[in-house]
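Novice: what follows is a protein structure lacking sequence information:
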């Protein structure tokens with residue numbers, strides 16, 4: 001099942017206190033970027049974030065779920081309506097995540 005644009009808009013509204021949130025549609029799902037880094041995504045209308053030390057600390061009871069077959073497990077974000085929590089989570093995670101890979105130039 002692909003994610004809906006309505007669900008993406010709902011998540012983006014709750015992330016609106018953060019600057020530098022972007023997204024990219026990919027095969028019916030949405031990758032979420034913060035400050036240029038992949039922080040998570042929307043998969044089957046579920047909001048998942050990458051596993052990191054901060055995510056484990058801030059969401060100790062979060063379920064791990066697969067975004068798609070063959071992928072690494074990610075944390076399911078359940079309190080998506082708490083804008084302060086989302087800002088705290090994203091700001092804590094962003095420095096732990098790898099820099100985006102540079103694309104080759106021709």
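Specialist: That came in fine, so what should we check first? Here the structure is a predicted model, which means the values were calculated and not measured.
Novice: please report the number of neighbouring residues for residue 99.
Specialist: 7 (other Cβ atoms under 10 Å). For every residue, glycine as well, the C-beta is placed using N, CA and C.
Novice: how about residue 60?
Specialist: Neighbour number of residue 60 under other Cβ under 10 Å is 7.
Novice: where does it sit relative to residue 73, distance-wise?
Specialist: 15 Å (Cβ to Cβ, to the nearest Å).
Novice: got it, and residue 37?
Specialist: Distance from residue 37 to residue 73, counting by Cβ to Cβ: 19 Å.
Novice: what about those two, which has more around it?
Specialist: residue 37 (18 against 13).
Novice: tell me the contacts of the more buried one?
Specialist: Neighbouring residues of residue 37 by Cβ atoms under 8 Å, 6 or more residues apart in numbering: 94, 97, 98, 99, 100.
Novice: quickly list what it is bridged to.
Specialist: Applying DSSP bridges to residue 37 yields these beta-bridge partners: residue 34.
Novice: which pLDDT value goes with the spatially most central residue of the chain?
Specialist: When Cα atoms, centre = their mean is applied to the chain, the residue found nearest the centroid is residue 40 (2.2 Å). As predicted, residue 40 sits at a pLDDT of 97.
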